[in-house]
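*Asks:* Model the following, please.
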Amino acid sequence: MITPIEIKVNLDGDIAGALLRLRCTDTAATARDIWFAEPLRSGSPGAPTLLSSHIVIRLRSGEEDDLTVKLRPCLSSQLAGRWARPFTEPGVRYRIESDWSGSRRMLSASAISLRPPGSLRSAVGRGIDVTDTLNSAQRQFLVSCTPPGVAVDHLCAMGPVASARWTGVPLGSQRVDVERWTVAGLDLVELSLKVPPRQGDSPVDLHLRALDARRDLEAAVHADGLPIASGDTKTERVLTALAAAHRLG
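*Replies:* Numbering: from 1, shown residues only. Here you go, the predicted model:
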């Protein structure tokens, strides 16, 4: 199986200025609030528990709501049974792709369920255990594919993160998606584009096209005078900040 490759570039420095240079301010963004689930208690030490086990549970609410259970990074050997290949069925869409962010190349697998608009915001507002919002396929995904000993229960929702997303933004020879996250003193922007496999592609063909796309993207970012950030992904940075704020709360 050849998986799509998503290339991500995080920006550093003047975020408002970067959005102006990208001409995002000329068009309306899709706005959503995002929460991440973790089994944290006030005062508990260490990094976020699920994140440390390479599990991310994300709730998004806006004009459309969705709940995602993601393993990243994961190994192909973890994806057992029906989870070895992407599929769509009533109640869940399952996808596998490679994430390229800086020098990091990670396999990720996500089980995504759509929800009625506003329903997840309402659930968070009621203080519901996020475990109760997972559907049966997502529970099966966690049981089948996560390492033994990871307790995914009694989850609280941390956030919200304010998200603004622009799609199909022209940058050099590419069209990219631009997403801004603001929360807990952080103001982060990520550029992303997806390189899907073509009919008849070998893994090498896709890999080479992704390398070309990444070089073109980074060259266009530099040509626009936009500094590229290094280090953790935006999800890792936001989850770490939210966990620290939760411990102090």
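*Asks:* Would you mark the buried spots in stretch 185-194?
*Replies:* 188-193 (16 or more other CB atoms under 10 Å). For the C-beta atoms, the positions are set from N, CA and C on the backbone; glycine is no exception.
*Asks:* Dump that stretch to PDB, restricted to CA.
*Replies:* Taking C-alpha atoms only, stretch 185-194 is exported to PDB below (Å, rounded to 0.1, in the frame of the first residue of the first chain):
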ATOM      1  CA  GLY A 185       0.000  32.600  24.700                       C
ATOM      2  CA  LEU A 186       0.900  30.700  21.500                       C
ATOM      3  CA  ASP A 187       0.200  32.000  18.000                       C
ATOM      4  CA  LEU A 188       1.100  29.300  15.500                       C
ATOM      5  CA  VAL A 189       0.800  29.000  11.700                       C
ATOM      6  CA  GLU A 190       1.200  25.800   9.700                       C
ATOM      7  CA  LEU A 191       1.400  25.500   5.900                       C
ATOM      8  CA  SER A 192       0.500  22.100   4.500                       C
ATOM      9  CA  LEU A 193       0.000  20.300   1.200                       C
ATOM     10  CA  LYS A 194      -0.800  16.700   0.300                       C
END
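*Asks:* Any chance you could list what contacts that stretch?
*Replies:* Residues outside stretch 185-194 that contact it (CB atoms under 8 Å, 6 or more residues apart in numbering) are 4-11, 15, 18-19, 97, 171, 174-182, 213, 217, 221, 234, 237-238, 241.
*Asks:* And the residue of the chain positioned farthest from its centre, its phi and psi?
*Replies:* The centre of the chain is farthest from one residue, Gly200, which by CA atoms, centre = their mean lies 28.7 Å away. In this entry, Gly200 is assigned phi and psi values of phi 90, psi 0 (degrees, to the nearest 10).
*Asks:* Narrow the contacts of stretch 185-194 to those in helices?
*Replies:* With helices taken from DSSP state H, the overlap with the contacts of stretch 185-194 comprises 15, 18-19, 213, 217, 221, 234, 237-238, 241.
*Asks:* Can you check the pLDDT for Asp33?
*Replies:* Note on Asp33: pLDDT of 98.
*Asks:* contacting residues for it?
*Replies:* By CB under 8 Å, 6+ apart, the contact list for Asp33 reads 60-62, 121, 159-163.
*Asks:* List buried residues within the residues you listed.
*Replies:* Listed as buried from the contacts of Asp33 are 60-62, 121, 159-161, 163; burial here means 16+ other CB under 10 Å.
*Asks:* Roughly how far does the closest residue in space to Pro147 that isn't next to it in sequence sit from Glu89?
*Replies:* Once flanking residues are discounted, Pro147 sits nearest to Ser53: 6.6 Å by CB to CB, 6 or more residues apart in numbering. Per CB to CB, to the nearest Å, Ser53 is found 26 Å from Glu89.
*Asks:* So for those two, which residue has more residues nearby?
*Replies:* The neighbour count for Ser53 versus Glu89, taken as other CB atoms under 10 Å, is higher for Ser53 (16 against 9).
*Asks:* All set now, cheers.
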